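Visitor: Let me see the structure of the following:
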Amino acid sequence: MSLRRFVNPSFRLRVPSVNFQGNRGRRQFFNFARKPKSATVLGEDDLFHPFSESPFPAVKARGEAIRSLAPCPICSSGHGGHMHAETGTKALGVKFECPDCGWPTHCSREHWEMDEEHAKFCPRLQEVNEDEHDLRSGRRMHEFELPGPQAYEEAISFANWDLFWYTRGFSSMDTERSRRHASKLLTYPLTIGSVLHQNSGLTPNNHRITPEGSRSLAALRTVLHVAPGAPDTEEAGITKPQIRIFILGARAESSLPPHVWEQLCMLFPSCHFHLYFIGLQVSLPRLQNDLGSQVQTSTQSPEDYSAVAKPTSEQGKPPSYVPNVYEPPTPKPIARLKRTRSSLKLYGVPSYTIPYSPQLTITGMQANYMEVHAQFQDTFDPYTDLFFLFSPGFGFPSPLSLSELDGKRCLQIASPTEWGPVVPALLATRCAIFITGFSPADIERDILSLDQVPDVADEFEWIVTPGENPFGSEKWEVADFDPRVMVKTNWGLWGIRGKGREVQANY
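Guide: Coordinates of the predicted model:
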């Protein structure tokens, strides 16, 4: 259970313009002649709606999914074997919506009134309810308007979200809701950037970086940054090698628009990044025949994309909402950009590549990492390559594999179909491996699982000690199978690398 979900925003940077040259010789000042924009669906004081009464089908569908999946906390806890008078059986479904938070939380009003623990969760649930409606309200999302390149003489602070937004020139985050929206959008690129940058808040002084970590990061930063005193500009990176970031087990992060990932490039103006999203649930581009009236831009034949994605016409009308139950669903297909091309022939798995800008190339592969590891294993360099695993779930039981010893489900880090062969292969590269978790318990569970695998235990050394990630999402993510289960994306961060062994001559 990774609980990684992302409401994929389609908002891009919109800068109001003044059009002084209109059609047919007319001059249009301050855009008065333009068509009026669509009105806002919901006002700022009208964001709270019970799920069953929501004006948005996706929110209504989520409420129905929760009612079919979540147990009533009073029924499931027993409370002296409480029985329902109507049926004489214990009811487990949540049919009653809390009037304070709007979520389906209990099987009846009676049980809602009995539950003294619900008051602990209710404020957070109300907050998430309003956030979900705000995202769909139709208002202009100022928090999703991203700044352009940073002037080379302007330093960026990575102490926390507030200082980062201020030093990067973001719009003012005036409300907690804006902070939650912006942090959820940017948590993936900023988690990477805040670790790698020379101004990172993770330092040996606060005991987050170990001596081994200092050496690993120093090697990466010799390529990421220019010499002291030199301008950190695009021209300065002409002779630099490419930085490759392998994001394994990618799900929601693979569906982020490329212009969001471009924010990572703006932290390192002289670098060229190549991001590899690799995982069975990586989002792939829509097929060309799904674009309707859009112009076909690729020269690849339709057969090249047969294994990449299925047309919408074959799948039928997609559901309004897919429940996030234990194994999160694959994100929806991403938009096909002008330069998107198939990489199926290159990697032998459903894949695509987008050379988005001179500083950013993105490749997505819908496959297990071990299917493509052989193509990279002789090319890894700790100076230019690193791995990121966002909430990999090492310590969770595998839904696919059983232990040979007792026949029980083995951990995912030991599963031969999941992380079992992957982690030893990553350690053998000696490149830095950074892992996040969605809660303190999740991080502890993943770390303890390392000692239960012979090929991993005692084969790694710490580079970043476990602790809170200053650029984790501030938005609560609620589980559909139990609204009391709430986590925050990328709450914590830690890092390891393969253990080095010094060889002494003439020993």
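Visitor: For this protein, just list every one of the helices.
Guide: Assigned by DSSP state H, the chain shows helices spanning 57-69, 73-77, 109-114, 118-135, 161-168, 176-196, 211-224, 258-267, 312-315, 344-347, 422-429, 440-450.
Visitor: isn't K332 right next to Q281, touching?
Guide: No - taking contacts as Cβ atoms under 8 Å, K332 lies outside contact range of Q281: 11.3 Å. C-beta: built from backbone N, CA, C; applies to glycine.
Visitor: With neighbour numbers in mind, choose between the two.
Guide: More neighbours surround Q281 than the other of K332 and Q281, with 19 against 12 (other Cβ atoms under 10 Å).
Visitor: And the more buried one, how far from A219?
Guide: 31 Å (Cβ to Cβ, to the nearest Å).
Visitor: Then L344?
Guide: Distance of L344 to A219, given as Cβ to Cβ: 34 Å.
Visitor: With G43 instead?
Guide: From G43 over to A219 the distance is 53 Å, taken as Cβ to Cβ.
Visitor: Same question for E130.
Guide: From E130 to A219 the distance is 45 Å (Cβ to Cβ).
Visitor: what about the longest strand seen in the chain, distance to the chain center?
Guide: Criterion DSSP state E: the longest strand present in the chain is strand 460-468. Its chain's C-alpha centre and that of strand 460-468 lie 21 Å apart, by Cα atoms, centre = their mean, to the nearest Å.
Visitor: Show me what counts as buried in it.
Guide: Neighbour counts over strand 460-468 (16 or more other Cβ atoms under 10 Å) mark F460, E461, W462, I463, V464, P466 as buried.
Visitor: do the same with stretch 340-349
Guide: Within stretch 340-349, the residues scored as buried using 16+ other Cβ under 10 Å are T340, R341, S342, S343, L344, Y347, V349.
Visitor: Dig out what the third one forms beta bridges with.
Guide: Yep, that's S342 we're talking about. Taking DSSP bridges as the rule, S342 bridges to Y352.
Visitor: circling back to that earlier point, between E130 and A219, which one's more packed in?
Guide: More neighbours surround E130 than the other of E130 and A219, with 20 against 17 (other Cβ under 10 Å).
Visitor: From P257, how far out is the more buried one?
Guide: Distance, E130 to P257, using Cβ to Cβ: 24 Å.
Visitor: and if you look at E113?
Guide: E113 sits 45 Å away from P257, going by Cβ to Cβ.
Visitor: Looking at those two, which is more packed in?
Guide: Neighbour tally, E113 and P257, criterion other Cβ under 10 Å: the higher count belongs to P257, 19 against 12.
Visitor: What distance do you get for that one to S283?
Guide: 11 Å.
Visitor: who touches both of these two?
Guide: The contact sets of P257 and S283 overlap at I334 (Cβ atoms under 8 Å, 6 or more residues apart in numbering).
Visitor: if I read this right, D131 contacts R179, doesn't it?
Guide: No - if you go by Cβ under 8 Å, D131 and R179 don't touch, sitting 10.8 Å apart.
Visitor: got the contact list for the most centrally placed residue in the chain?
Guide: Nearest to the geometric centre of the chain sits E253, at 3.6 Å (Cα atoms, centre = their mean). Going by Cβ under 8 Å, 6+ apart, E253 touches F6, Y188, I247, F277, F390.
Visitor: Tell me how many other residues crowd the third one.
Guide: The burial metric for I247, expressed as a neighbour count using other Cβ under 10 Å, is 22.
Visitor: show me the contacts for it.
Guide: I247 neighbours (Cβ under 8 Å, 6+ apart): E253, S254, L275, Y276, F277, I278, F387, F388, L389, F390.
Visitor: Just the pLDDT for it.
Guide: I247 is assigned a pLDDT of 98 by the prediction.
Visitor: Now do it against G148, distance only.
Guide: In terms of Cβ to Cβ, I247 sits 24 Å off from G148.
Visitor: How about the second one?
Guide: The span separating Y188 from G148 equals 20 Å under the rule Cβ to Cβ.
Visitor: The fourth one now?
Guide: F277 sits 25 Å away from G148, going by Cβ to Cβ.
Visitor: Looking only at neighbour counts, state which of the two leads.
Guide: Neighbours per residue, other Cβ under 10 Å: of F277 and G148, the larger number sits with F277, 27 against 10.
Visitor: List the buried residues for stretch 260-279?
Guide: So, applying 16+ other Cβ under 10 Å, buried residues of stretch 260-279: 260-279.
Visitor: quick one: low-confidence parts of the stretch 51-200 of the chain?
Guide: Residue ranges of the stretch 51-200 of the chain with pLDDT under 70: 78-92.
Visitor: run the last query once more with 90
Guide: 75-93, 150-154, 174 (pLDDT under 90).
Visitor: How about the stretch 401-507 of the chain?
Guide: Looking at the stretch 401-507 of the chain by pLDDT under 90, you get 401-410, 452, 454-455, 458, 500-507.
Visitor: Do you have the strands of it handy? List them.
Guide: 409-411, 432-437, 460-468, 476-479, 482-488, 492-498 (DSSP state E, counting those that start in this stretch).
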